[in-house]
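J.: All I have is the shape, not the residue letters:
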């Protein structure tokens, strides 16, 4: 049996960090807004006729082998830790080889690890006979990733990976809900530039420290998160109305909230790139993910996306990403060995 799965990464537009439990419980109406892009995370599983388990990451250049009789060791396996813990969770009863690959640059801040998590869950779940319904995938992904990073993890990235499209994820006391945003996606694609800075993300935002400070009653932090919440809701409304002037204004005014949350969200190199983009037609800047490197998204003046992209032509360490909106989320396909 051969199983192939894929899931899209995302660009987060508003609301990051507020999606970490229990932070959203303190801010009524908490929400995030993001859109999925076609820089995919992929997983391929091929069953074997022996008891070997082989895990391999193509982009990380790491692989290792174990066997069913040593299965318990995967619980604390440091090599490819996320993959090992996912396999340990699903406990397949057959030998197999699992190969993963991510198209997003390393440390891009595009939710690569969360996306790979969902792609692997989809494939492993098929391997064990669809043990879990799809609505269980996101809670499983968050729980296993928490075991890996050893602190609470945010939830928005799993929704973009599983469902694709443009989304607002709402966080309430009675649970989380994804709202698909029916917007003018053609304009979105014409006005957003995404670059990889050449610097792998280096935890510009320490989410655990922020979480602890918030729980300890930091008033300034509370007010910052109120602003992050308000920006998310305002952006959702502007996108649904296809009011692109308002979209630009909201994104522009949201950036200072992120800088207040963590001054290290940009590096000196990133600051220079932002200045260059804004001098060539970028209205607003959105650092992707936790910042400190990785990717930056720019919302451009109408008709000036090419100007912003061309501004980085001589920045040899910078990569202008060729992205398209990905309407589909997680896909899982089973291929018979005879068809290969």
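T.: Happy to help now that I have it. Predicted model, so just to flag it, every value in this text is computed and none were measured.

J.: mind checking which helix or strand of the chain has the lowest mean pLDDT?
T.: helix 207-215 (a mean of 89; mean pLDDT, DSSP states H and E).

J.: Please identify the buried residues of that helix?
T.: 207, 210, 211, 214 (16 or more other C-beta atoms under 10 Å). (Glycine included, C-beta is placed from N, CA and C.)

J.: Helices of this structure, residue ranges please.
T.: Counting by DSSP state H, the chain has helices at residues 81-90, 112-127, 137-149, 156-163, 185-191, 207-215, 219-240, 244-261, 268-278, 305-310.

J.: mind putting those in CSV, distance to residue 324 included?
T.: Below are the helices of the chain laid out as CSV (distance: least, C-beta to C-beta, whole Å):
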stretch, distance to residue 324
helix 81-90, 27
helix 112-127, 16
helix 137-149, 24
helix 156-163, 14
helix 185-191, 7
helix 207-215, 29
helix 219-240, 18
helix 244-261, 19
helix 268-278, 20
helix 305-310, 13
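
J.: Give me whichever of those helices is most buried.
T.: helix 156-163 (a mean of 28; mean count of other C-beta atoms under 10 Å).

J.: Touching it from outside, list them.
T.: 7-10, 12, 15-16, 19, 32, 34-36, 41, 111, 114-115, 117-119, 134, 137-138, 141-142, 167, 169, 176, 178, 180, 329-330 (C-beta atoms under 8 Å, 6 or more residues apart in numbering).

J.: Name only those of those that count as buried.
T.: Here, 16+ other C-beta under 10 Å leaves 7-10, 12, 15-16, 19, 32, 34-36, 41, 111, 114-115, 117-119, 137-138, 141-142, 167, 169, 176, 178, 329-330 buried among the contacts of helix 156-163.

J.: can you list the domains in this structure?
T.: With domains defined by automatic domain parsing, the chain comprises 2-180+326-339, 185-320.

J.: Of the ones you listed, which shows the lowest average pLDDT?
T.: When the domains of the chain are ranked by mean pLDDT, domain 185-320 comes last with a mean of 92.

J.: ends of it, how far apart?
T.: Domain 185-320 stretches 20 Å from its first residue to its last (C-alpha to C-alpha, to the nearest Å).

J.: Kindly report the same for stretch 47-59.
T.: 22 Å.

J.: Buried residues in it, which are they?
T.: 53, 54, 55, 56, 57.

J.: Contacts for it next, please.
T.: 1-2, 62-69, 71, 74, 79-80, 83-84, 87, 94-102, 106, 127.

J.: Now with 7 Å, please.
T.: 1, 63-69, 80, 83-84, 87, 94-102, 106 (C-beta atoms under 7 Å, 6 or more residues apart in numbering).

J.: From residue 121, how far off is the residue nearest to residue 124 when sequence neighbours are not counted?
T.: Leaving aside its chain neighbours, residue 124 sits nearest to residue 90 (4.3 Å; criterion: C-beta to C-beta, 6 or more residues apart in numbering). From residue 90 across to residue 121, the span is 8 Å (C-beta to C-beta, to the nearest Å).

J.: Name the nearest residue to residue 85, sequence neighbours excluded.
T.: residue 144 (5.2 Å).

J.: still on that earlier bit, among the helices of the chain, which is nearest residue 325?
T.: When the helices of the chain are compared by C-beta to C-beta, helix 185-191 sits nearest residue 325, at 5.2 Å.

J.: Report the distance from that closest one to the chain centre.
T.: 20 Å (C-alpha atoms, centre = their mean, to the nearest Å).

J.: Run through who's touching that helix.
T.: With C-beta under 7 Å, 6+ apart, helix 185-191 has contacts from 35, 166, 244, 299, 300, 302, 305, 324, 325.

J.: number of nearby residues for the fourth one?
T.: Look at residue 299: counted by other C-beta atoms under 10 Å, it has 24 neighbours.

J.: Same question for the last one.
T.: Residue 325 is surrounded by 19 other residues when neighbours are defined as other C-beta under 10 Å.

J.: Kindly state the beta-bridge partners for it.
T.: For residue 325, the beta-bridge partners are residue 37 (DSSP bridges).

J.: gap between residue 186 and residue 35?
T.: 13 Å.

J.: what's the answer for residue 119, then?
T.: Where residue 35 is concerned, residue 119 sits at a distance of 18 Å (C-beta to C-beta).

J.: again with residue 130
T.: On the measure of C-beta to C-beta, residue 130 and residue 35 end up 29 Å apart.

J.: How about residue 215?
T.: Distance from residue 215 to residue 35, by C-beta to C-beta: 30 Å.

J.: tell me the contacts of the most centrally placed residue in the chain?
T.: Per C-alpha atoms, centre = their mean, the C-alpha nearest to the average position across the chain is that of residue 111, at 2.1 Å. Listed by C-beta under 7 Å, 6+ apart, the contact partners of residue 111 are 9, 10, 157, 160, 161, 289.

J.: what's the answer for residue 197, then?
T.: Taking C-beta under 7 Å, 6+ apart, one finds 269, 270, 273, 293, 294, 295, 296, 318 in contact with residue 197.

J.: repeat that for 6 Å
T.: Going by C-beta atoms under 6 Å, 6 or more residues apart in numbering, residue 197 touches residue 270.

J.: For the stretch 1-150 of the chain, just list every one of the strands.
T.: Under the criterion DSSP state E, counting those that start in this stretch, strands of the stretch 1-150 of the chain are mapped to 2-14, 31-47, 52-57, 62-67, 96-102.
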